[in-house]
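A.B. asks: test case, fold it:
(2 chains)
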Amino acid sequence: MDVNWNLLIQQLIIGLANGSLIALIALGYTMVYGIVELINFAHGEVFMMGAFFAATVVGLTGVTPQSAPLIIIGAAALALVSAMLFSAGINFGIDRIAYRRLRRAPRLAPLIAAIGFSFILMNIAIYWKGGNPISPPALLPQKYRAYNVLNEWFGLDTTIRLRPLDLLVFAITIPILFALTWFVYRTRSGKAMRATAQDRDAAALMGIDVNRTIGMAFLIGGALAGAAGMIALYYTSAARFQMGFRYGLFAFTAAVLGGIGNLYGAVVGSLLIGIVWSLSDGFMKTLIGGWGAQWTPSVIFGVLVLVMVFKPSGLFGDHVPEKV
Amino acid sequence: MASRSVTAPQSRFNPIDDWRRLIGPVILVFAFIYPLIDSWLGLRQLGKLEGMLILVILAMGLNIVVGYAGLLDLGYAAFFAIGAYTMAFLTSPASFFVRKGWVPEFMQNFWPAMAVSWGVAAIFGVILGAPTLRLRGDYLAIVTLGFGEIVPNFFLNAVSITGGTQGLNRVGMPPAISIPFTDITLRFGPTDQRNWYWLMLVVVLFTLFLSLRFHNSRLGRSWVAVREDEIAAASMGVNLVRTKLWAFAMGASFAGFAGSIFSSAFQFVHPDQFAFSVSVMVLAMVILGGIGNVYGVILGAMLIGGFDRILAEQLNRPLHWFGEAVNSEGIQGHDVGSDRFLVFGLALVIMMLWRPEGILPSKRRKLEFHEHDHVEEGVT
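C.D. replies: The predicted structure is shown next:
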């Protein structure tokens, strides 16, 4: 079979960008699961709310692609930070209102509450921006829209496109990932978080404020989801109330693939899922000729089911025996 | 003695008070004569009630998996889809299988096709349930959710068989039934809403009967045992694999019933009818009404289904009137139908926080949910 190398490389670039985007969401899942063993089902919707809020903030600044470059960068940074704060607030609020009261309830109670919150947030999003997809206020100057970094900067004669937008995704994601690693492994609060994840009762005995630490995990997870929301808004140039479901489950799949509770695992899993995603988008249509073209959800959920059934600890997770 | 503990009820049957004895028959009679009242008063709600009855069947089926056996299934709509598509594959003249001549003539009839849908859904219950057997509660939930997304996605993409986004129409309808010794013939055309309603009501009663019998059977008791403590149940000789697979199969088979009637009554199947929100809506019914208690589940289905199909529409007029009164354009233009996700979500959250056992709880489930309450009281 002929392999279309250009398409393959193109899809790999998109896959890595998508992967680093879902890494930000997956980290929120994995941190929360690591610390309270809860699949925070509303996390995808927290991400979606971040995207909506970013769109609103950019709209309020009134910046257009014709504005001065510094003003555009400033508006984008403002939108990014405010989306992070907004999503962090929502995630923290949900924990404070519901999950905290359900810490000692049967395991499925907080999960069901989380599903409930995910639907509540979706409905709020419908009130806010309506049921149809919205497109973000334009920010990127016209010149950069059809700009190919490989042609313009490196002088390569190729049809493979690397857009400034792809690079921006990495430029925002990678520093955030480093900052998170530094926080979790180098600061006192991060240490408290790891201790709480390991043994909540023992951590409490050592004088760690467990509720505060768990709240912080929700705050950070929410902030990362908000950043992802802003990036997704501009990377796909669309946002819809349902976007959180798909992205959220893909990110959750990534977190499970990498071994839930493991931060590096979540990043590696996300990059893998991102690549699977874009390859499926690019190639499934030709592999299964004559049938529909939207196989990606089946492929990713297939990965999810296979990992959960055959290796629930994921690629890098420790095997956790069931607690009796 | 304030301390409570989980003990088996004194008797296998719940004690029935005198007034409770009457409620069942009264509701039943009312349900059966409702179509006459409907046409007498000109309410025109039958078509919507049909949709609600299908939701009741679904909720009872999910109750077997979630309520009896304690396996949180987030992909229940998949079995609904399988039932509906099986019916369409067998009876629709537009179906790939019928056009190829693979479906024998007698199978293209509604009744045999309904039995097949029931069986196919049950088999898929086993097939999709089998991989989840080793998994714990929340992992199991996510895997079932994965299947719940894969199945409609498959129906969406397998264009040559399922028609993809076109869906399948002209699904077969039941042949007319003539009641012996009378002149009455029950026809099932697109306009015979009354007969469809009665047909669905009979199926609801049949599934209710099955649910009740399951609850008191040997299988039903092993479901409870597995739900309360898997390891203890296994060591007492309950076969975990068989017990769980039966739960998935029976739960799915109810959805097969519901799906086959749904596609036949509404003459159309489309992948979008089986989205995740359907699974969550049915779950919300089970949890709101009373997880594990069939009557509670029926109540939950009537409440949420009633809001979804009837009340949301009826509330629009008073709300718009109120909006005019306070001169608010937002309220005037608001469609209560767009609040459905909020209602499902709030139902789940509020019940989990304040009454996890539901409005009409099963006594045993209630004790399980409050198992830790007195422990905490003892500590402080």
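A.B. asks: use CA for all of it now, contacts and neighbours both
C.D. replies: Fine.
A.B. asks: dump the residue contacts of A:R161.
C.D. replies: Shown in contact with A:R161 (CA atoms under 8 Å, 6 or more residues apart in numbering or on different chains): A:10, A:148-150.
A.B. asks: center of the chain, which residue is that?
C.D. replies: Since you didn't name a chain, this refers to chain A. In chain A, the centroid-proximal residue (CA atoms, centre = their mean) is A:I25; its distance is 2.2 Å.
A.B. asks: nope, chain B
C.D. replies: Taking CA atoms, centre = their mean, the centroid of chain B lies closest to B:L58, which sits 1.4 Å from it.
A.B. asks: the helix or strand in which that residue is found: what's the following helix or strand?
C.D. replies: Assessed by DSSP states H and E, B:L58 sits inside helix B:46-62. Proceeding N to C from helix B:46-62, the next assigned helix or strand is helix B:77-91, under DSSP H and E.
A.B. asks: any idea how far the residue nearest to the centre of chain B lies from chain A?
C.D. replies: 18 Å (CA to the nearest CA, to the nearest Å).
A.B. asks: tell me the secondary structure for the residue nearest to that residue when sequence neighbours are not counted?
C.D. replies: Leaving aside its sequence neighbours, B:L58 sits nearest to B:A255 (CA to CA, 6 or more residues apart in numbering or on different chains; 5.4 Å). Three-state call for B:A255 (DSSP: H, G, I helix; E, B strand; the rest coil): helix.
A.B. asks: any idea how far B:A255 lies from chain A?
C.D. replies: Taken as CA to the nearest CA, the span from B:A255 to chain A is 21 Å.
A.B. asks: quick check, pLDDT for that residue.
C.D. replies: What the model reports for B:A255 is a pLDDT of 95.
A.B. asks: with A:G290 instead?
C.D. replies: Listed pLDDT for A:G290 reads 62.
A.B. asks: now A:A239: phi and psi?
C.D. replies: Phi and psi for A:A239, reported as degrees, to the nearest 10, are phi -150, psi 140.
A.B. asks: show me the contacts for it.
C.D. replies: Shown in contact with A:A239 (CA under 8 Å, 6+ apart): A:48, A:51-52, A:133-136, A:232-233.
A.B. asks: okay, now the unreliable bits of the stretch 1-150 of chain B?
C.D. replies: Residue ranges of the stretch 1-150 of chain B with pLDDT under 70: B:1-19.
A.B. asks: circling back: I'd guessed the residue nearest to B:L58 sits against B:I54; true?
C.D. replies: No. Judged on CA atoms under 8 Å, B:A255 makes no contact with B:I54 at a distance of 9.0 Å.
A.B. asks: and B:V159, what pLDDT?
C.D. replies: On the pLDDT scale, B:V159 gets 83.
A.B. asks: returning to that earlier point: let's have the contacts of A:R161 in TSV, adding pLDDT.
C.D. replies: Listed next are these as TSV, based on pLDDT from 0 to 100:
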residue	pLDDT
A:Q10	87
A:N148	77
A:V149	75
A:L150	75
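A.B. asks: restricted to helices, list the residues you listed.
C.D. replies: Those of these mapping onto helices are A:10, A:149-150, per DSSP state H.
A.B. asks: for B:I123, state which of those residues is nearest.
C.D. replies: Checking the ones in helices among the contacts of A:R161 against B:I123 by CA to CA gives A:Q10 as the nearest, at 42.0 Å.
A.B. asks: can you verify my assumption that that closest one contacts A:T158?
C.D. replies: No. Assessed by CA under 8 Å, A:Q10 is found out of contact with A:T158, at 10.8 Å.
A.B. asks: neighbour count for these two, which is higher?
C.D. replies: A:Q10 (18 against 10; other CA atoms under 10 Å in any protein chain shown).
A.B. asks: can you pull the contacts of the more buried one?
C.D. replies: A:160-161.
A.B. asks: can you check B:L205 too?
C.D. replies: Under the criterion of CA under 8 Å, 6+ apart, the contact list for B:L205 is empty.
A.B. asks: give the buried residues for the helix or strand hosting it.
C.D. replies: Taking DSSP H and E as the definition, B:L205 sits inside helix B:193-215. Within helix B:193-215, the residues that count as buried by 16 or more other CA atoms under 10 Å in any protein chain shown are B:193-201, B:203-204, B:207-208, B:211, B:214-215.
A.B. asks: which one of the residues you listed is nearest to chain A?
C.D. replies: Proximity of the buried residues of helix B:193-215 to chain A (CA to the nearest CA) peaks at B:H215, which lies at 22.0 Å.
A.B. asks: thought the closest one was touching B:S222?
C.D. replies: No. Using CA under 8 Å, B:H215 is not in contact with B:S222, being 9.7 Å away.
A.B. asks: in CSV, list the C-alpha atoms belonging to the helix or strand A:I300 falls within.
C.D. replies: A:I300 belongs to helix A:296-310 when elements are defined using DSSP H and E. What follows is helix A:296-310, C-alpha atoms only, in CSV (Å, rounded to 0.1, in the frame of the first residue of the first chain):
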residue,chain,number,x,y,z
THR,A,296,-12.2,8.9,15.4
PRO,A,297,-14.5,8.5,18.4
SER,A,298,-14.7,4.8,17.8
VAL,A,299,-10.9,4.5,17.5
ILE,A,300,-10.2,6.5,20.7
PHE,A,301,-12.9,4.9,22.7
GLY,A,302,-11.7,1.5,21.5
VAL,A,303,-8.2,2.5,22.9
LEU,A,304,-9.9,3.5,26.1
VAL,A,305,-11.8,0.2,26.4
LEU,A,306,-8.7,-1.9,25.6
VAL,A,307,-6.4,-0.1,28.0
MET,A,308,-9.0,-0.3,30.8
VAL,A,309,-9.7,-3.9,30.3
PHE,A,310,-6.2,-5.3,29.7
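A.B. asks: many thanks, we can stop here.
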